[in-house]
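Chemist: Have a look at this fold, sequence not included:
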């Protein structure tokens, strides 16, 4: 199992290759990019659990990249370790003021960097800040965003859940299940990038459930696009035979039964529906709306064969 997903932003190919080889051998999923703009795009497409960020980049500087990440609701939680040749106190302070979590100078001890990365990822997971499978905000970060949301005059919240996820995981295994969770996180992020706003928030409370905070006027297009794309693209996680059959045959201990392909159920609430007094009211209302959506979309049971007249 991977120890974490790390994005390295380093324009020196020798250092970048060395870090990729070393940390891959240590059990991390490592991606190396050489430009700041590429890093910003990569973070949106493949949410890392930590970023190692060089300050001196060919197209921009690490400070600008850090500032951009920290002002985006969907990336402001990702830990950042600055990597630089500079060893000036003012540079360290500038990075920390922008929201960097740590700072290490070249030439560096790779074992020290490994420990800093490991400690930072563990601390984030231990505090319930991110889900280790999706890399999305979890726990307290979601609650903080919900409280901020309710201070606004207008807002919209969506509760999204993968239907039939557990039977899929039982058949295909937890690794395939984790891949579906990462796929779902990236799909929602991609839809928000295309149709949403940097202020929109995506969270992963845990298990097969995701959360989305957006504006009322963007809610419908975001929800409909996520639903359409998920229900089509999730098919790629099944075997050819299951895709062709439109579902799986599973044994629940009482005999074999057919389970349909995964789909996504979505419940939404907005500030325009009624007045909410706390975040628990919001999440309960959205969860109930999601259950109703799931019941409406549940396929009808197969027709029973009629006995023949003798």
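Modeler: Looks like it arrived, so ask away. The structure displayed is predicted, hence computed values, not measured ones.
Chemist: C-alpha from now on. contacts and neighbour counts both.
Modeler: Noted.
Chemist: what's the helix or strand where residue 269 lies packed up against?
Modeler: Assigned by DSSP states H and E, residue 269 belongs to strand 263-270. Packed against strand 263-270 by the contact rule (3 or more Cα pairs under 8 Å, 6 or more residues apart in numbering; DSSP states H and E) you find strand 156-163, helix 216-233, helix 279-297.
Chemist: Now with 10 Å, please.
Modeler: If you count contacts as 3 or more Cα pairs under 10 Å, 6 or more residues apart in numbering; DSSP states H and E, strand 263-270 packs onto strand 156-163, strand 209-214, helix 216-233, helix 279-297.
Chemist: From the rest of the structure, what touches the last one?
Modeler: By Cα atoms under 10 Å, 6 or more residues apart in numbering, the surrounding residues in contact with helix 279-297 are 143-150, 156-163, 209, 211, 263-271, 275-276, 298.
Chemist: how about a cut-off of 8 Å?
Modeler: Helix 279-297 is contacted from outside by 143, 146-147, 150, 157-161, 163, 265-269, 276, using Cα atoms under 8 Å, 6 or more residues apart in numbering.
Chemist: Can I get the buried part of those residues as one PyMOL selection?
Modeler: Buried residues within those, by 16 or more other Cα atoms under 10 Å, are selected in PyMOL with:
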select buried, resi 143+146+150+157+158+159+160+161+163+265+266+267+268+269
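Chemist: can you give me phi and psi for residue 167?
Modeler: Reported as degrees, to the nearest 10, the phi and psi values for residue 167 are phi -60, psi -40.
Chemist: related to what we said a few turns ago, each with direction, which strands does the strand holding residue 269 pair with?
Modeler: strand 156-163 (antiparallel) (DSSP bridges).
Chemist: how big is the angle separating the longest helix seen in the chain from strand 263-270?
Modeler: Scanning the chain for the helix with the most residues, using DSSP state H, yields helix 174-195. Here helix 174-195 points in a direction 50 degrees away from that of strand 263-270 (axes from the mean of the first three to the mean of the last three Cα atoms, to 10 degrees).
Chemist: Quick one: the helices and strands packed on strand 263-270 as JSON lines, columns for distance to residue 95 too.
Modeler: Formatted as JSON lines, those follow (distance: least, Cα to Cα, whole Å):
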{"stretch": "strand 156-163", "distance to residue 95": "33"}
{"stretch": "strand 209-214", "distance to residue 95": "29"}
{"stretch": "helix 216-233", "distance to residue 95": "34"}
{"stretch": "helix 279-297", "distance to residue 95": "34"}
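Chemist: nearest to residue 112, of those?
Modeler: strand 209-214 (35.0 Å; Cα to Cα).
Chemist: centre of the chain versus that closest one, how much separation?
Modeler: With Cα atoms, centre = their mean, to the nearest Å as the basis, strand 209-214 stands 10 Å off its chain's centre.
Chemist: just checking, what packs against that strand?
Modeler: Packing partners of strand 209-214 (3+ Cα pairs under 8 Å, 6+ apart): strand 156-163, strand 201-206.
Chemist: Give me the contact list for the first one.
Modeler: By Cα under 8 Å, 6+ apart, the residues outside strand 156-163 that reach it are 208-216, 219, 223, 262-271, 282-283, 286-287, 290, 294.
Chemist: which of those residues are buried?
Modeler: Neighbour counting over the contacts of strand 156-163 (16+ other Cα under 10 Å) leaves 208-215, 219, 223, 262-271, 282-283, 286-287, 290, 294 as the buried ones.
Chemist: State the pLDDT value of residue 76.
Modeler: Looking at residue 76, its pLDDT reads 85.
Chemist: same check, this time on residue 43
Modeler: As predicted, residue 43 sits at a pLDDT of 89.
Chemist: Can you say which helix or strand has it in it?
Modeler: Short version, using DSSP H and E: residue 43 is in helix 36-45.
Chemist: by contact count, what packs against that helix?
Modeler: Against helix 36-45 (3+ Cα pairs under 8 Å, 6+ apart) you get strand 5-9, helix 62-71, helix 174-195.
Chemist: mind checking how far that helix is from the chain centre?
Modeler: 15 Å.
Chemist: tell me which residues in it are buried?
Modeler: For helix 36-45, a neighbour-count test (16+ other Cα under 10 Å) marks 36, 39-40, 42-44 as buried.
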